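A.B. asks: with the input below, show me the fold.
(2 chains)
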Amino acid sequence: DAGVIQSPRHEVTEMGQEVTLRCKPISGHNSLFWYRQTMMRGLELLIYFNNNVPIDDSGMPEDRFSAKMPNASFSTLKIQPSEPRDSAVYFCASSLRMDGANVLTFGAGSRLTVL
Amino acid sequence: AQSVTQLGSHVSVSEGALVLLRCNYSSSVPPYLFWYVQYPNQGLQLLLKYTSAATLVKGINGFEAEFKKSETSFHLTKPSAHMSDAAEYFCAVSPGGYQKVTFGTGTKLQVIP
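C.D. replies: As a prediction, this is how the structure comes out:
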């Protein structure tokens, strides 16, 4: 298995532009998580899906952020319009339940820089 | 609500010395606990997990962690540090099932030759 695949790995954009981050989870995993990592705030959960349905989006910073999971093999995180404070590494993780625990497998991340 | 607190954002040890990274949890239900490791410019990787089967959990690369309910702790240890252990380590908690996983703020481990 190729693992969780994220694209793009790096994105540099200007303030006000739309940004779309993509994630392909591991086949057979039932849940998908989007996290954001910054030096100041650490690793923050933005949203997660179970069986393609959004369960908790309370971590989404504001209406500029949206996430979709149209099918079991694809998810997007969109920021429109982007702002410099959105600069961070965005991780997607999919999970498999093992011994009752939700075990996450992370992608390599998408590093976003908003100028 | 569940949370974890990692004591010490940076820890330095000499090569060959004991590694001890501290994690305390707060949970209203019996928790599932995890340790993940992150190497530079990579995603997080699972080191080990606690699922109530045994209080002492062994993971990859010689790491282990002990669940202590009375102390609400899940500290990570390794008897002898190796240079390749230099990374950032995250403790995490989940109520189980397909519910959200909450991470601590991370501890960067430096190994001094």
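
A.B. asks: where does pLDDT dip in the chain?
C.D. replies: Because you didn't say which chain, this covers chain A. Counting by pLDDT under 70, chain A contains low-confidence ranges at A:1.

A.B. asks: buried residues, the strand ranked longest in it. List them.
C.D. replies: Longest strand in chain A by number of residues (criterion: DSSP state E): strand A:88-98. By neighbour count with 16 or more other C-beta atoms under 10 Å in any protein chain shown, strand A:88-98 contains the buried residues A:Ala88, A:Val89, A:Tyr90, A:Phe91, A:Cys92, A:Ala93, A:Ser94, A:Ser95, A:Leu96. Yep, even glycine has a C-beta here, placed from its N, CA and C like the rest.

A.B. asks: partner residues bridging the fourth one?
C.D. replies: Counting by DSSP bridges, A:Phe91 forms beta bridges with A:Tyr35.

A.B. asks: how about the residues of chain A near chain B?
C.D. replies: A:4, A:30-31, A:33, A:35, A:42-43, A:45, A:48, A:50, A:55-56, A:91, A:93, A:95, A:97-109 (C-beta under 8 Å from any C-beta of the partner chain).

A.B. asks: just the buried ones from these?
C.D. replies: Buried residues within the residues of chain A next to chain B, defined by neighbour count using 16+ other C-beta under 10 Å: A:4, A:30-31, A:33, A:35, A:42-43, A:45, A:48, A:50, A:91, A:93, A:95, A:101-109.

A.B. asks: which ones among those residues map onto strands?
C.D. replies: Checking those against DSSP E, those in strands are A:31, A:33, A:35, A:42-43, A:45, A:48, A:50, A:91, A:93, A:95, A:101-106.

A.B. asks: show me what contacts residue 6?
C.D. replies: Since you didn't name a chain, this refers to chain A. A:Leu21, A:Arg22, A:Cys23, A:Lys24, A:Tyr90, A:Phe91, A:Cys92, A:Gly107, A:Ala108, A:Gly109, A:Ser110 (C-beta atoms under 8 Å, 6 or more residues apart in numbering or on different chains).

A.B. asks: hmm, no, I was thinking of chain B.
C.D. replies: Applying C-beta under 8 Å, 6+ apart, the residues near B:Gln6 are B:Leu21, B:Arg22, B:Cys23, B:Phe90, B:Cys91, B:Gly104, B:Thr105, B:Gly106, B:Thr107.

A.B. asks: for B:Thr102, same thing?
C.D. replies: A:Leu45, B:Gln2, B:Ser3, B:Val4, B:Ala92, B:Val93, B:Ser94.

A.B. asks: can you count the residues close to the fifth one?
C.D. replies: Neighbour count of B:Ala92, defined by other C-beta atoms under 10 Å in any protein chain shown: 25.

A.B. asks: that older thread, got the angle for the longest strand of chain A vs strand A:42-50?
C.D. replies: Orientation check (axes from the mean of the first three to the mean of the last three C-alpha atoms, to 10 degrees): strand A:88-98 against strand A:42-50 gives 50 degrees.

A.B. asks: bridging residues for the residue in chain A positioned nearest to chain B?
C.D. replies: Nearest residue of chain A to chain B: A:Phe106, at 3.2 Å (C-beta to the nearest C-beta). Following DSSP bridges, A:Phe106 is listed with bridge partners A:Ala93.

A.B. asks: so it sits right up against A:Tyr90, yeah?
C.D. replies: No: in this structure, A:Phe106 is not within contact of A:Tyr90 by C-beta atoms under 8 Å, at 11.1 Å.

A.B. asks: what parts of chain B come near chain A?
C.D. replies: Counting by C-beta under 8 Å from any C-beta, chain B sits next to chain A at B:32, B:34, B:36, B:41-46, B:49, B:51-53, B:90, B:94, B:96-106.

A.B. asks: right, I'll call it a day here.
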